[in-house]
Every structure is written in structure tokens, then in C-alpha cells.
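Undergrad: sequence first, predicted model second:
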Amino acid sequence: MDKVTADEYKWPGDENKGARLAGLGGDNLNIRLEKVLSLYGPLNEESIEALSQVHKRDVELKKNQKVFSLCNEKADLFLVKEGWVSLAHAAIKRGQDICNIFMPGDIIGLRESFFDNHDIAILALTNCKLERFSVSDLHQLFRERDEVREAATSYVLVNDNISIERLRSCTHHRSEERVAHFLLEVYERFKFKGLLTSNVFSFPVTQNVVGELLGMTSVHVSRCMTALEQKKLIRKTRSSIKIIQPEEMAKITDFDKAFVYGHVCLN
């Protein structure tokens, strides 16, 4: 079975992206807010410097540890530097349902920070290292610098596109295609950040989490994974996935990369 190594997470040469994140096998300190936003819109040196000066502090979470961020009080944004986390919107009547997952290089809470009364719960799916930012400080920077605001808006748009594509898959496809579509989504998210040089990616997300995200049972997710393996579309290990036939998977799932990332690529 294929294993994921640090060498498979080196940045490829991509001259269209002004900043690069460190690979997952490298120093997580290289994953910084200004570098992430540079992927979604051009930033000049002054804006990069301003973002680097935003007050932040490190947060470490153990697996299954939960953090709450109250957007109607003192809200916070989080940058994932290492590990995987899930996001839930806490509501007394419906409990806490997972609505998204985040990997290294993702910003948590940016979209929610523009709305009132959005209480979010962040659950660590693995041991994690995050950076915590003040919403008020960043929003002030958005008001002062157009290109920072535009890059942040672009980030929100891309992640909304990802959610829309996932919803479309869940409402129009069979279970096996849903799982294949989700694996392609994760694969393309890694590729967009420049975190892959092969078609193998780290995937420490449990089948329970995948099932909750896609509206399936964990048993059904397991069966779909096995079926995709038998069709030689993927190969899985305990903590990694290898996409063997990405073009064929995109064809059978109608995965639309251009819809998700098109406006960023045009920049």
C-alpha cells in the first residue's frame, strides 16, 4: 500500500502564485495568513507586511478538543497550521452538526465573521496547531486595504463554491459518487495550495465524520470506499488516499474544478 511521505508535500514551481505555503512535511511556521491570502488575490509588499503584523497567538488542540468562537461577542479567526478540524454551528434545538472540515492552510471563521449571532464550535479531528486572530483587527485591515479585502472575499467565494459543489453532489448523486466527489474535493484543495507533488494525500478523517458531512452512515462510507478501490479509482491506507484515476472520477461525479477555482485562476 502507498504511504505518504514528507517528500510528497513539497511545493511545485508555480510562478502564478506569489506566495507559497510550506509542505505538510515541513515547518508549519511557514503557513502564515499573508501567504494563504496571497493564493486568492494579489497582495503588494505593504499589504503582506500589514497582515504579518496582525496580532495573533498560537493555539494547540488535542484530538477531540473543542473550541467555541462567539461572533456576537469577541470573535476570533483561526488559521490551521497543522492537523484537521471540523466546524459546527451550535444550536440548542438541533445539537452540533458538522458542516465543514478544514486542513492545513485553511482559515476558519472568516465567512462567519461578517454575520451577527453565528456561534461556531471547532472540534479537533487530530492533534492541531492553529493561529488565533482578532476579527476586529482583521476587519479594520479589510477597510483600510482594498486588495486585502478582495483576497479575503475571494477566499470566502472559493470555499462557498466548494460547499455548493458538495451539496450538489449530495442531492444529485448516488452514495458512491458522493464519496468519490468528496475525495476529489480534498485532492483539489491540496493541489490548489501547492501541497502535493503526487496524487497521494494525507487523510486522517474518520468515516464517521465523512458520513456526517455527506449525509451517510459510516458503514455506507466504508462500503463506498471499498467499491472505489475495487474499481481501481483510489487506494486507501489508514491515514492517506491515493487518487489513481482523477480524470475518470471527475467524469463520473461531474466534479467541476473550474466552477470552484475559476475566478482565482483568471487572476
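TA: Ah, there it is. Numbers count the residues shown, from 1 in each chain.

Undergrad: show me the contacts for residue 261.
TA: Neighbouring residues of residue 261 by C-beta atoms under 8 Å, 6 or more residues apart in numbering: 158, 161, 188, 192. Heads up, the C-betas are built off the backbone N, CA and C, glycines and all.

Undergrad: tell me who's in contact with the second one.
TA: Contacts for residue 161 were tallied using C-beta under 8 Å, 6+ apart; they are 259, 260, 261.

Undergrad: just the helices from the stretch 101-250 of the chain, written as ranges.
TA: All helices of the stretch 101-250 of the chain, identified by DSSP state H, counting those that start in this stretch, fall at 135-144, 146-172, 175-192, 207-214, 218-230, 246-253.

Undergrad: so what touches the third one?
TA: This points to helix 175-192. Under C-beta under 8 Å, 6+ apart, the answer for helix 175-192 is 39, 103, 162, 165-166, 169-170, 173, 196, 199, 201, 203, 210, 213-214, 216, 220-221, 224-225, 227-228, 233-234, 241, 243, 246, 249-250, 252-255, 257, 260-261, 264.

Undergrad: now do 6 Å
TA: 169-170, 196, 201, 214, 216, 220, 224, 227-228, 241, 243, 249, 253, 255, 257 (C-beta atoms under 6 Å, 6 or more residues apart in numbering).

Undergrad: by pLDDT, give me the weakest of the residues you listed.
TA: Lowest in pLDDT among the contacts of helix 175-192 is residue 196, which has 84.

Undergrad: secondary structure element for residue 36, which one?
TA: helix 33-38 (DSSP states H and E).

Undergrad: can you report how many residues neighbour residue 46?
TA: The tally of other residues near residue 46 (other C-beta atoms under 10 Å) stands at 11.

Undergrad: next one, pLDDT for it please.
TA: Looking at residue 46, the pLDDT reads 94.

Undergrad: that one in helix, strand or coil?
TA: Following DSSP: H, G, I helix; E, B strand; the rest coil, the label given to residue 46 is helix.

Undergrad: can you pull the pLDDT of the closest residue in space to it that isn't next to it in sequence?
TA: Excluding the flanking residues, the one nearest residue 46 by C-beta to C-beta, 6 or more residues apart in numbering is residue 145, at 7.8 Å. pLDDT for residue 145: 95.

Undergrad: thought residue 47 was touching residue 145, still the case?
TA: Yes: contact criterion C-beta atoms under 6 Å: residue 145 and residue 47 qualify, at 5.2 Å.

Undergrad: settle it for me: which of these two has more neighbours?
TA: Set side by side, residue 145 and residue 47 show more neighbours around residue 47, with 22 against 17, by other C-beta under 10 Å.

Undergrad: tally of neighbours for residue 42?
TA: 12.

Undergrad: repeat for residue 246
TA: Around residue 246 there are 18 residues (other C-beta under 10 Å).

Undergrad: residue 228 now?
TA: Residues contacting residue 228 under the criterion other C-beta under 10 Å number 23.

Undergrad: quick one: the strands in the stretch 1-150 of the chain?
TA: Using DSSP state E, counting those that start in this stretch, the strands of the stretch 1-150 of the chain run over 56-61, 66-70, 76-82, 85-91, 95-102, 107-108, 119-124, 128-134.

Undergrad: mind putting these into TSV with distance to residue 177, mean pLDDT and mean neighbour count?
TA: Output for the strands of the stretch 1-150 of the chain, formatted as TSV (distance: least, C-beta to C-beta, whole Å; pLDDT from 0 to 100; neighbours: other C-beta atoms under 10 Å):
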stretch	distance to residue 177	mean pLDDT	mean neighbour count
strand 56-61	33	93	15
strand 66-70	32	74	16
strand 76-82	28	91	23
strand 85-91	23	77	18
strand 95-102	19	77	16
strand 107-108	28	94	23
strand 119-124	27	83	20
strand 128-134	30	92	20
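
Undergrad: out of those strands, which is closest to residue 31?
TA: Relative to residue 31, the nearest member of those by C-beta to C-beta is strand 76-82, separated by 4.8 Å.

Undergrad: residue nearest the centroid of the chain?
TA: residue 102 (3.9 Å; C-alpha atoms, centre = their mean).
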